[in-house]
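>>> coords below, sequence missing:
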């Protein structure tokens, strides 16, 4: 009896600590990463997946695996958006179908009373061995199912794969209930941001939801590499990236204040038109400035500075009368580390995606041509260190380009 009380207190203390952390996360992808990380840490699971319900099916939205992805950071993007029907053919599907926890010791020897199947094709394709699994439904108010969390291969202190325990089941169950609320809140945040960006898209067809989502995803991967090289703690990187992802997506919000006559002009802009067009950086800054919220301050910083260039030839430069200025003249731009790190990162992410993407007014560039442009502009347009980070995680960048959309 005493042992049970101690165990419950340990679980409760852990839950309260993690709950406070996850409810302070704004971005849905950063949240899913955190949720899966914490669950895996508590259960000592080597891998896991979060599926969210979309259009009557489950869709993979986040995946981690210490064995499969150990030497390939890009692999987590390869399986995004894979569809899993909600039926008895899979463990996650059966968990969603019945809204009940499924815990299996060995998926290659599933007992009939589990009433679910397991597809070995992924294991065979990757030369992996899935064994123990726990799958838990994610439900919000009204018992509405929004997804499933699935953890695989719990390990003991010696690294041997074991069954998930009743203690694991208790923790995951309670945590899933709290996580579902946080996930719903983050989904609403993402929906609101995408609607805001849709207004910009109506004004400027270049700013699609897919484009800005990729910009945000490139940005957090580039920052992660930059910060990792400096030995920053993982938790600090995760907290920073939560704000960076959303702020980067909002980088061109100021275009909503530019007239259609200039924004949608099919040909080159005249000198006076270009001065007005460049003002989208200032308008974006004005939207988010003077906020006590770190996210909005970062959004203002990025909006203002993402067209600055490392060599000082960008815009808008240092502006003393930023609340009164009506157009950007030929003043010198900020140079080097005068440009905030966040904006230096977004500058590269934005150019890469713009050149790689087809637009109404242009075809997409060949990938080799885009990469050569980035190399040639190292130390000119782009921060040399961010360029190095880009190429060191290029496999991840490619996967984001292929997989990440709205």
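Alright, I've got the coordinates. Keep in mind that this is a model prediction, so the values were computed, not measured.

>>> what about stretch 60-80, start to end distance?
Using Cα to Cα, to the nearest Å, the end-to-end distance of stretch 60-80 comes out at 5 Å.

>>> report the buried residues of it.
60-65, 68, 73-77, 79-80 (16 or more other Cβ atoms under 10 Å). The C-beta positions use only the backbone N, C-alpha and C, and glycine is treated the same way.

>>> just the ones in helices from these, please.
75-77 (DSSP state H).

>>> now those residues as a markdown table including pLDDT?
As requested, those are arranged in a markdown table below (pLDDT from 0 to 100):
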| residue | pLDDT |
| --- | --- |
| 75 | 78 |
| 76 | 80 |
| 77 | 85 |
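
>>> distance to residue 389 for the residues you listed - can I get that in a markdown table?
Listed next are these as a markdown table, based on distance: Cβ to Cβ, whole Å:
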| residue | distance to residue 389 |
| --- | --- |
| 75 | 19 |
| 76 | 18 |
| 77 | 17 |
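
>>> which among those residues gets closest to residue 44?
residue 76 (19.6 Å; Cβ to Cβ).

>>> which ones are touching that closest one?
62-64, 69 (Cβ atoms under 8 Å, 6 or more residues apart in numbering).

>>> mind checking the SS state of residue 352?
helix (DSSP: H, G, I helix; E, B strand; the rest coil).

>>> tell me where the model's unsure across this structure.
1-11, 204-209, 359-362, 404-406 (pLDDT under 70).

>>> quick one, domains of it?
According to automatic domain parsing, the chain comprises the domains 2-187, 204-403.

>>> so which of the ones you listed is nearest residue 195?
Across those, closest to residue 195 is domain 204-403 (Cβ to Cβ), at 9.5 Å.

>>> for stretch 144-155, buried residues please.
145-154.

>>> gap between it and the chain center?
With Cα atoms, centre = their mean, to the nearest Å as the basis, stretch 144-155 stands 19 Å off its chain's centre.

>>> do the same with stretch 163-171
29 Å.

>>> next one: stretch 64-76
The chain centroid and the centroid of stretch 64-76 are separated by 16 Å, computed with Cα atoms, centre = their mean.

>>> and the top helix by length along the chain, which residues are buried?
For the chain, the helix with the greatest residue count under DSSP H is helix 166-203. Going by neighbour count (16+ other Cβ under 10 Å), the buried part of helix 166-203 is 168, 171-172, 175-187, 189-190, 193, 197, 200-201, 203.

>>> ok, now stretch 93-107?
So for stretch 93-107, counting by 16+ other Cβ under 10 Å, buried means 93-97, 102-104, 107.

>>> now do stretch 79-86
So for stretch 79-86, counting by 16+ other Cβ under 10 Å, buried means 79-80, 84, 86.

>>> closest one to residue 220 out of those residues, please.
residue 80 (14.6 Å).

>>> quick check on the closest one: phi, psi?
phi -60, psi 140 (degrees, to the nearest 10).

>>> that one contacts residue 61, correct?
Yes: using Cβ atoms under 8 Å, residue 80 makes contact with residue 61 at a distance of 7.0 Å.

>>> number of residues surrounding the closest residue to residue 190 other than its chain neighbours?
In space, and not counting its chain neighbours, residue 190 is closest to residue 28: 4.9 Å by Cβ to Cβ, 6 or more residues apart in numbering. For residue 28, the tally of surrounding residues (other Cβ atoms under 10 Å) stands at 24.

>>> distance of residue 28 relative to residue 126?
With the distance defined as Cβ to Cβ, to the nearest Å, residue 28 ends up 26 Å from residue 126.

>>> could you list every helix and strand in contact with the longest helix of the chain?
Helices and strands touching helix 166-203, as assessed by 3 or more Cβ pairs under 8 Å, 6 or more residues apart in numbering; DSSP states H and E, comprise helix 2-22, helix 28-43, strand 133-140, strand 144-155, helix 209-229, helix 234-249.

>>> buried ones in the helix or strand containing residue 46?
Assigned by DSSP states H and E, residue 46 belongs to strand 45-54. Neighbour-count burial for strand 45-54 flags 45-53 (criterion: 16+ other Cβ under 10 Å).

>>> what's the farthest-apart pair in those residues?
Spanning the widest gap among these are 46 and 53, at 25.6 Å by Cβ to Cβ.

>>> isn't residue 243 right up against residue 294?
Yes: under the criterion of Cβ under 8 Å, residue 243 is in contact with residue 294, at a separation of 5.6 Å.

>>> ok, those two, which is more surrounded?
Set side by side, residue 243 and residue 294 show more neighbours around residue 243, with 22 against 14, by other Cβ under 10 Å.

>>> I'm done for today, thanks for sticking with me.
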